[in-house]
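Visitor: Pasting the sequence and the predicted model now:
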4 protein chains.
Amino acid sequence: MDWMDSRIMNAEDLARQVGEAMYPRDRAAQSLGITLEDIRPGYARMRMTVRPDMLNGHALCHGGFLFTLCDTAFAYACNSHNHNTVAAGCSIEYLAPAFEGDVLTAEAREHVLHGRTGIYDVDVTDQHGKRIVAFRGKSHRIKGAVTDPPPDLRKTDQEKP
Amino acid sequence: MDWMDSRIMNAEDLARQVGEAMYPRDRAAQSLGITLEDIRPGYARMRMTVRPDMLNGHALCHGGFLFTLCDTAFAYACNSHNHNTVAAGCSIEYLAPAFEGDVLTAEAREHVLHGRTGIYDVDVTDQHGKRIVAFRGKSHRIKGAVTDPPPDLRKTDQEKP
Amino acid sequence: MDWMDSRIMNAEDLARQVGEAMYPRDRAAQSLGITLEDIRPGYARMRMTVRPDMLNGHALCHGGFLFTLCDTAFAYACNSHNHNTVAAGCSIEYLAPAFEGDVLTAEAREHVLHGRTGIYDVDVTDQHGKRIVAFRGKSHRIKGAVTDPPPDLRKTDQEKP
Amino acid sequence: MDWMDSRIMNAEDLARQVGEAMYPRDRAAQSLGITLEDIRPGYARMRMTVRPDMLNGHALCHGGFLFTLCDTAFAYACNSHNHNTVAAGCSIEYLAPAFEGDVLTAEAREHVLHGRTGIYDVDVTDQHGKRIVAFRGKSHRIKGAVTDPPPDLRKTDQEKP
């Protein structure tokens, strides 16, 4: 049981480490004020406040920024296993508009991970819990790792039966 | 034939007028440096240069900005008939990455307009003609007009058989 | 608490009643041998065995029949509340092929129900639990009910606080 | 110029040959009465008459059969270059219902072909020209050819500069 517990802890730790490696390089997220609230294996939660410069001509949050928030949460969730992973395609359904000052939370969850292909669902709600958009992304694993795990994690990983 | 010619001219003029009404209110497009190159009935062409603050952790243009460019072109094309029209949902397929400094052109074309529902295809190419993304948006016409046509256009419109 | 219990029971009963009303009229499901295994509010589980006449030129189950299985489960799930509801659009991702004789199970789950719009996810697995396709459907509620609830259910419904 | 003309003729001939190789193996298309009307490089046109056993509980053509018609036309179009090609994912938007006896025509057109990835649009109209559905499919080229080109085509192909 010990190795199992430590392995679970490692997956969680590794996901956090991936988030810490990705975020400082992620200029797009930073420029939009998107923050990483939580990251776990196959999961990420991010937050964005709708700024005046994100509004369209109807004074609503432009769909492009709603998409970017989703796409960002999707990226962290699908890279959380520390395999470099890119988006192949995405779709978004608009459910309700978001307004200036709204604090939007995006939760990305792994729906399927099958070989190198993954499907992730992202749901965005506002500060009142209202559903704003539903997003689904398809991911494709490529070569390489997001971050080098520290020696103690690698050691435990090699020891597992 | 005269009324037909003037009606065709009016649709073209009206589309241009819609673009001129939408763009100054479109803070999102302006903040991303997206410019409106052409607008005609059911069609819009827009341009965006990939800036450093649009890059993700892999030094590629973040999918969210590619989407926003498409979504913006889609918005101008589907509103070009001067009926207020909103996006119901969109999907995007990533074909090739875009890099810092790339000049991206998005062309939005009306694929179907059926009652209040429309389908628009947006294709983005870089300065070498390479296809970057393929986007499809579904639109829904709501109440109201984007802009009030000037008296002479309205007059001609009323006169048509 | 009594009315709450009876209301929960009613929603479950009503969903079953909807299934019993829909299935005998559903010639497509019957002709493909699709069976309704379970129906609850916002949920349906259906089964289909891959027949020789469902194969494409590569001796794999034709994507159209995989889609039809998903679309059918989606229809039962989104009508399970006894409001007439139609599909507006769907997308499907193929994860693994299905072969002749495979017994496929499709589970449809309500992801969002927001006003008259719903989003439903359908996942298909084979008899070994392998994921075959992931489907997402968008529904639109129209006028009318699928079935008339029996008098005792209607009475309870009117009585609820 | 001679080799160019013969090469163009060959691409057309090869597409026809692919169609002739695929259709006899395509039990699904045959069982649904789907016929192949035309096939050219990146293009296919197919036809299906809505039969009583294709109706859903509302006496409308079941979405699954509309999808299957689209998916079939998509398959012929994306295999028309004689490279084995499979669907990775598809989306469909329902525009208008189809009824028993309607004669539906599906036209599949290549929208992008970029390396091993293709995007194909399929539009279905009824006998009155009414738009029924809009479909978009993403294809992925795999190993192998659909059919062996006859010796004279192969020879010309080898001779091209």
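Guide: Looks like it arrived, so ask away.
Visitor: Looks like A:D38 contacts A:A44 (just checking).
Guide: Yes - contact criterion CB atoms under 8 Å: A:D38 and A:A44 qualify, at 6.9 Å. Every C-beta, even on glycine, is put in place using the N, C-alpha and C of the backbone.
Visitor: Residues of chain A that sit close to chain B?
Guide: Residues of chain A that fall close to chain B, judged by CB under 8 Å from any CB of the partner chain: A:22, A:25-28, A:31, A:52-58, A:62-65, A:67-69, A:71-72, A:75, A:86-94.
Visitor: Neighbour count: A:D38 and A:A44, which is higher?
Guide: A:A44 (29 against 14; other CB atoms under 10 Å in any protein chain shown).
Visitor: Not counting sequence-adjacent ones, nearest residue to the more buried one?
Guide: A:Y76 (3.7 Å; CB to CB, 6 or more residues apart in numbering or on different chains).
Visitor: so how far is A:V122 from the one you found?
Guide: 10 Å (CB to CB, to the nearest Å).
Visitor: Now the common contact residues for the two.
Guide: A:A108 (CB atoms under 8 Å, 6 or more residues apart in numbering or on different chains).
Visitor: Can you tell me which of the residues of chain A next to chain B are buried?
Guide: A:22, A:26-28, A:54-58, A:62-65, A:67-69, A:71-72, A:75, A:86-94 (16 or more other CB atoms under 10 Å in any protein chain shown).
Visitor: so of those residues, which ones are in helices?
Guide: Counted as lying in helices by DSSP state H, out of these, are A:22, A:27-28, A:63-65, A:67-69, A:71-72, A:75.
Visitor: Show the pLDDT at the residue nearest to A:G42 when sequence neighbours are not counted.
Guide: Closest residue to A:G42 apart from its sequence neighbours, by CB to CB, 6+ apart: A:E110 at 3.3 Å. pLDDT recorded at A:E110 is 98.
Visitor: Confirm A:E110 sits in a strand?
Guide: Yes - secondary structure of A:E110 (DSSP: H, G, I helix; E, B strand; the rest coil): part of a strand.
Visitor: Just list the residues touching it, thanks.
Guide: Applying CB under 8 Å, 6+ apart to A:E110 gives the contacts A:41-43, A:77-78, A:118-120.
Visitor: before we move on, back to that, among the ones in helices among the buried ones among the residues of chain A next to chain B, which two are most distant?
Guide: Between any two of those, the greatest separation by CB to CB is 24.2 Å, found for A:M22 and A:G63.
Visitor: dump the residue contacts of the residue nearest the centre of chain A.
Guide: A centroid search over chain A (CA atoms, centre = their mean) returns A:A73, at 2.5 Å, as the residue closest to the centre. For A:A73, the contact set (CB under 8 Å, 6+ apart) comprises A:44-46, A:106-108, A:122.
Visitor: Dump those into CSV; add secondary structure as well.
Guide: Listed next are the contacts of A:A73 as CSV, based on three-state DSSP:
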residue, secondary structure
A:A44, strand
A:R45, strand
A:M46, strand
A:A106, strand
A:E107, strand
A:A108, strand
A:V122, strand
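Visitor: Now for the residues you listed: which two are most distant?
Guide: The widest separation within the contacts of A:A73 (CB to CB) is 9.9 Å, between A:R45 and A:V122.
Visitor: So if I had to pick from those two, which one is more boxed in?
Guide: More crowded of A:R45 and A:V122, by other CB under 10 Å: A:V122, with 26 against 19.
Visitor: so what's that one bridging to?
Guide: Listed beta-bridge partners, A:V122: A:A108, A:F135 (assigned using DSSP bridges).
Visitor: circling back to that earlier point, surely the residue nearest to A:A44 touches A:I34?
Guide: No - judged on CB under 8 Å, A:Y76 makes no contact with A:I34 at a distance of 10.0 Å.
Visitor: Between those two, which is the more surrounded one?
Guide: A count of neighbours by other CB under 10 Å puts A:Y76 above the other of A:Y76 and A:I34, at 27 against 24.
Visitor: overlap in contacts of A:R45 and A:V122?
Guide: Counting by CB under 8 Å, 6+ apart, the residues touching both A:R45 and A:V122 are A:73, A:106-108.
Visitor: Closest to B:D126 out of those?
Guide: Top of the list for closeness to B:D126, among the shared contacts of A:R45 and A:V122 and by CB to CB, is A:A73 at 26.9 Å.
Visitor: Distance check, the closest one against chain B.
Guide: Per CB to the nearest CB, to the nearest Å, A:A73 is found 11 Å from chain B.
Visitor: do you know how far that residue is from chain D?
Guide: From A:A73 to chain D the distance is 21 Å (CB to the nearest CB).
Visitor: circling back: what's near enough to touch the residue nearest to A:A44?
Guide: A:Y76 touches A:18-19, A:22, A:36, A:39, A:44, A:46, A:108, counting by CB under 8 Å, 6+ apart.
Visitor: Same check on A:Y94?
Guide: So A:Y94 contacts A:63, A:66, A:132-133, B:86-89 (CB under 8 Å, 6+ apart).
Visitor: Which ones among those map onto strands?
Guide: Counting by DSSP state E, the part of these found in strands is A:132-133, B:86-89.
Visitor: how about JSON lines for these, with distance to C:F99 added?
Guide: Below are those laid out as JSON lines (distance: CB to CB, whole Å):
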{"residue": "A:I132", "distance to C:F99": "41"}
{"residue": "A:V133", "distance to C:F99": "37"}
{"residue": "B:V86", "distance to C:F99": "44"}
{"residue": "B:A87", "distance to C:F99": "40"}
{"residue": "B:A88", "distance to C:F99": "37"}
{"residue": "B:G89", "distance to C:F99": "33"}
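Visitor: ok, and which of the residues you listed reach chain C?
Guide: Applying CB under 8 Å from any CB to the ones in strands among the contacts of A:Y94, those adjacent to chain C are B:88-89.
Visitor: any chance of the ones in strands among the contacts of A:Y94 in TSV, plus pLDDT and distance to C:V146?
Guide: Below are the ones in strands among the contacts of A:Y94 laid out as TSV (pLDDT from 0 to 100; distance: CB to CB, whole Å):
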residue	pLDDT	distance to C:V146
A:I132	97	30
A:V133	97	29
B:V86	91	30
B:A87	93	30
B:A88	94	24
B:G89	95	25
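Visitor: Which one of the ones in strands among the contacts of A:Y94 is nearest to chain C?
Guide: Ranked by distance to chain C (CB to the nearest CB), these are led by B:G89 at 6.9 Å.
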